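Visitor: Dropping a prediction and its sequence here:
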Amino acid sequence: MRRLLSAAAVAAAAVVTMGNSAAVGAALPHDAIVWGSCTDPTLAGAGAQCGTLQVPLDHANPGGAKLTLALSRLAHKASSPYQGVMLVAPNMLSGTGYEQSLLGQQLPGADGYDWIGIARRGLAPSVPALSCEPNYQDFNRPNYVPTTPDIEAQWLNRVQGYADACAKAQPDLLQHMKTTDVVADLDDVRQALGAGQVSMYGQSYGTYVEEVYGTLHPLSVKRMVLDSPINPDEVWYRAANFDQNTGLERNFLLWFDWLAANDATYHLGTTRAAIQQVWAAQMAKVTAQPGNGVIGPDEFADTFLVTPYFQATWPLFGGVFARYVASGDATEIQAVYSQFFQHGNDNVFATLLAQTCTDAPWPKDWSQWRADTVASAAQAPDTAWGNTWANAPCRVWPAQAGNPVPVLGFAVGSVLLLENSLDAVTPLSGALSVRQRYPHAALLTVDGGITDGVTPNADSCVNSVLGTYLSSGKLPPRKTANASDVECAAPPAPVAG
């Protein structure tokens, strides 16, 4: 769960009303969304509109306190047959969600939809935004691997302090951050748009929002795309921790293999074993003396453990690693770490925890966490402890956890599942579990695909299936066995440089 990206800029006020929607059935009365220009330069440059919608803090008390959701809309192209509204389920591992309406310009067959991006509750530019301890991801943290009781105690104190800070930051909001709250918000958005039905597009953690929405509001769903689906049986102690570790370790070592194959560029060694020796030596070096006085083993590992998530980053981080090994200067690593992990991401980190810590109960007994992490670290020494400490605030989270919604998909009429077979964050086993729940679904698997998320910018094999589905609703034929219904080859490895 450690990968975090920056939040988007503040949304503009709204001025123009929404046009007609291809609704099925009558929408419930609701405040209309008004749309206007966007202050975010990327959204504005794409021709998107921005707006806001007030929703109840507590949907069980609709007349009580409100919060404000920030929305963006990329309208359908008049030249394409209108397909209705496409809600993008917020995926907090990919930014705010507010900007994800832009998928309407990046995906085949997307032109007929009004694409709606939503900054989920707690996540800026929605108001209020949750932030607990802006310096929590700062430099010189205790070593992830608790080689002494003192290090373990330091981490337990840190995560307790973070949970306490969240309790003080937004105590009322913290009680209403579950996926079911987000789903209720999305249904308010649907009603405000005047749509009897909507299509939905989600990726990674966003797919769980779709799964719950489809369970609670199946008749409101026209089509669903679940790109890298979450296994609903594993939320979240297993899914956010231990289900990921071995896959992340595997992909990290695949990056080492790629570095070895490109030794003419990076000069780090010609075998996986040689790269592992270089890695171990550099980890020992920054453990003994942090680079530039700030890059210790945690910051060093976090910087390069972006690679198991995104294969496209391999050349970037290969260059950063090689230059550091050659020069011993950690300035570039410090800059990259600051970009990916520091102050701007506390809003993302806090909001992600607020959801995952309360969707389902987490073990309270630290001895269980320790034993599970030790066992996981035997297979995933580079990833296990970092993931555990990222999730450990959930053990002492200051809001009561609920019980996960039993995800049922039999009443959802049309679903396309997409999965990279070597995705570490959402393993293929989870996609197969989700497929079993949806009798009207088809699963496309990219064999050997590594990145968390098949789309956008997929190859012609994926785009052909996806474009056909988005434009017509036609799915590939479903096989009798619980297996991939269509398979695409993995894209070529990135070019070194």
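Guide: All right, it came through fine.

Visitor: Could you report the distance from Asp372 to Asp365?
Guide: 11 Å (C-beta to C-beta, to the nearest Å). Bear in mind the C-beta positions are built from the backbone N, C-alpha and C, glycine included.

Visitor: Can you find the helix or strand in this protein with the smallest mean pLDDT?
Guide: strand 16-17 (a mean of 24; mean pLDDT, DSSP states H and E).

Visitor: On the C-terminal side of that one, identify the next helix or strand.
Guide: Beyond strand 16-17 on the C-terminal side, the first helix or strand identified by DSSP states H and E is strand 34-36.

Visitor: So which bits of that next one are buried?
Guide: Residues of strand 34-36 classed as buried by neighbour count (16 or more other C-beta atoms under 10 Å): 34-35.

Visitor: contacts for the following helix or strand past it?
Guide: Remark: after strand 34-36, the chain's next helix or strand is helix 41-45, criterion DSSP H and E. Helix 41-45 is contacted by residues 9, 37-38, 50, 72, 98-99, 101-102 when judged by C-beta atoms under 8 Å, 6 or more residues apart in numbering.

Visitor: any chance of the residues you listed in JSON lines, plus neighbour count and secondary structure?
Guide: Converted to JSON lines, the contacts of helix 41-45 look like this (neighbours: other C-beta atoms under 10 Å; DSSP: H, G, I helix; E, B strand; the rest coil):
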{"residue": "Ala9", "neighbour count": "17", "secondary structure": "coil"}
{"residue": "Ser37", "neighbour count": "15", "secondary structure": "coil"}
{"residue": "Cys38", "neighbour count": "26", "secondary structure": "coil"}
{"residue": "Cys50", "neighbour count": "26", "secondary structure": "strand"}
{"residue": "Ser72", "neighbour count": "32", "secondary structure": "strand"}
{"residue": "Tyr98", "neighbour count": "31", "secondary structure": "helix"}
{"residue": "Glu99", "neighbour count": "22", "secondary structure": "helix"}
{"residue": "Ser101", "neighbour count": "28", "secondary structure": "helix"}
{"residue": "Leu102", "neighbour count": "21", "secondary structure": "helix"}
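
Visitor: Comparing Asp372 and Asp365, which shows the higher neighbour count?
Guide: In terms of neighbours (other C-beta atoms under 10 Å), Asp372 is the more surrounded of Asp372 and Asp365; the figures are 18 against 9.

Visitor: Tell me where this structure has strands.
Guide: For the chain, the strands defined by DSSP state E occupy 16-17, 34-36, 49-56, 66-74, 84-88, 113-119, 198-203, 221-227, 415-420, 441-447, 486-489.

Visitor: what inclination does the fifth one have with respect to strand 198-203?
Guide: The one in question is strand 84-88. Counting by axes from the mean of the first three to the mean of the last three C-alpha atoms, to 10 degrees, strand 84-88 lies at 30 degrees to strand 198-203.

Visitor: Sheet-wise, list the partners of strand 84-88 with their directions.
Guide: Next to strand 84-88 in the sheet, as set by DSSP bridges, lie strand 113-119 (parallel), strand 198-203 (parallel).

Visitor: Format the strands of the chain as JSON lines; extra columns: distance to Asn241.
Guide: Listed next are these as JSON lines, based on distance: least, C-beta to C-beta, whole Å:
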{"stretch": "strand 16-17", "distance to Asn241": "45"}
{"stretch": "strand 34-36", "distance to Asn241": "40"}
{"stretch": "strand 49-56", "distance to Asn241": "31"}
{"stretch": "strand 66-74", "distance to Asn241": "29"}
{"stretch": "strand 84-88", "distance to Asn241": "26"}
{"stretch": "strand 113-119", "distance to Asn241": "26"}
{"stretch": "strand 198-203", "distance to Asn241": "20"}
{"stretch": "strand 221-227", "distance to Asn241": "22"}
{"stretch": "strand 415-420", "distance to Asn241": "20"}
{"stretch": "strand 441-447", "distance to Asn241": "24"}
{"stretch": "strand 486-489", "distance to Asn241": "29"}
